[in-house]
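Trainee: Dropping the sequence and predicted coords here.
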Amino acid sequence: MQKTRSPFLVIKKSKLHGKGAFATKNIPKKTKVIEYVGEKIKRKEGDRREKLQELKAKNKKNAGVVYIFELNNNYDIDGSVVWNTAKYINHSCNPNCETDIIKNHIWIIAIKNIKKGKELTYDYGYDIDDFEKHPCKCKSKNCVGFILDKKYWKRIKKPVRKKLDQNAKIDKLRI
């Protein structure tokens, strides 16, 4: 299958995580940037593959971890396939895109005007289960320290967030 293409993005090295998607031109708010594609699988199989993807990525530096995307109550999309260019869009706690499922298609949509050259990001919205396995590297002012749906942020203890902030400051001093 041929890789998905979008006139709005190019894939290159990211400061956030491995590779990232960057705007090739100004993108107006509400633009459908790219479709998140992959193999359509049953939810149970999605759960199995998610665990497998986490295991495979455990010891790889800058490796993507999970590319399973919930499509609906019955199906997931396994976006780990080579033709899914959208899998390179990284998470951010302060995103410039969001996802929307339109007629059983997962779209990445700009939620603000995005300038040419900016990295495209969206909030992955992970559940609170095992949140510690998914540290966030976005470094935005409101970063909670984990790739976690915003509705759970208040449930993360402040000392954990404070420690993450201190570690980030130490890392900056090392550079």
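Mentor: Noted; the coordinates are in hand. Here the structure is a predicted model, which is why all the values come from computation and not from measurement.
Trainee: which ones are touching the residue positioned nearest the centre of the chain?
Mentor: Centroid check for the chain by C-alpha atoms, centre = their mean gives His91 as the closest residue, at 3.3 Å. Neighbouring residues of His91 by C-beta atoms under 8 Å, 6 or more residues apart in numbering: 16-17, 121-124, 136, 138, 147. For glycine as for every other residue, the C-beta is placed from the backbone atoms N, C-alpha and C.
Trainee: ok, now with 10 Å
Mentor: His91 sits next to 16-17, 121-126, 134, 136-138, 146-148 when contact means C-beta atoms under 10 Å, 6 or more residues apart in numbering.
Trainee: again, but for Lys29
Mentor: Neighbouring residues of Lys29 by C-beta under 10 Å, 6+ apart: 96, 109-114.
Trainee: per-residue pLDDT, the residue nearest to the centre of the chain?
Mentor: For His91, the model assigns a pLDDT of 93.
Trainee: ok, now Lys169?
Mentor: According to the prediction, Lys169 has pLDDT 50.
Trainee: Equivalent analysis for Val82, please.
Mentor: As predicted, Val82 sits at a pLDDT of 91.
Trainee: That one touches Tyr67, doesn't it?
Mentor: No - at 11.2 Å, Val82 does not count as touching Tyr67 under the criterion of C-beta atoms under 10 Å.
Trainee: neighbour-wise, which of the two wins?
Mentor: Legend: neighbour count by other C-beta atoms under 10 Å for Val82 and Tyr67, higher for Tyr67 (20 against 9).
Trainee: For the more buried one, which residues are in contact?
Mentor: Tyr67 sits next to 36, 38, 49-50, 53, 57, 76-81, 84, 86-87 when contact means C-beta under 10 Å, 6+ apart.
Trainee: Looking at neighbours, which among these is most surrounded?
Mentor: Ala86 (26 neighbours).
Trainee: Would you state the strands of the chain in chain order?
Mentor: With strands called from DSSP state E, the chain shows them at 9-13, 19-23, 32-36, 39-42, 68-70, 75-78, 90-91, 97-102, 105-110, 121-122.
Trainee: buried stuff in the fifth one?
Mentor: Going back to what we said before, that points to strand 68-70. Within strand 68-70, the residues scored as buried using 16 or more other C-beta atoms under 10 Å are 68-69.
Trainee: now do the fourth one
Mentor: Applying a neighbour-count criterion of 16+ other C-beta under 10 Å, the buried positions in strand 39-42 are Ile41.
Trainee: cool, and the third one?
Mentor: Within strand 32-36, the residues that qualify as buried by neighbour count (16+ other C-beta under 10 Å) are 33-36.
Trainee: Tabulate the residues you listed (a markdown table), appending distance to Asn26 and pLDDT.
Mentor: What follows is the buried residues of strand 32-36, written out as a markdown table (distance: C-beta to C-beta, whole Å; pLDDT from 0 to 100):
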| residue | distance to Asn26 | pLDDT |
| --- | --- | --- |
| Val33 | 12 | 97 |
| Ile34 | 16 | 97 |
| Glu35 | 20 | 96 |
| Tyr36 | 22 | 96 |
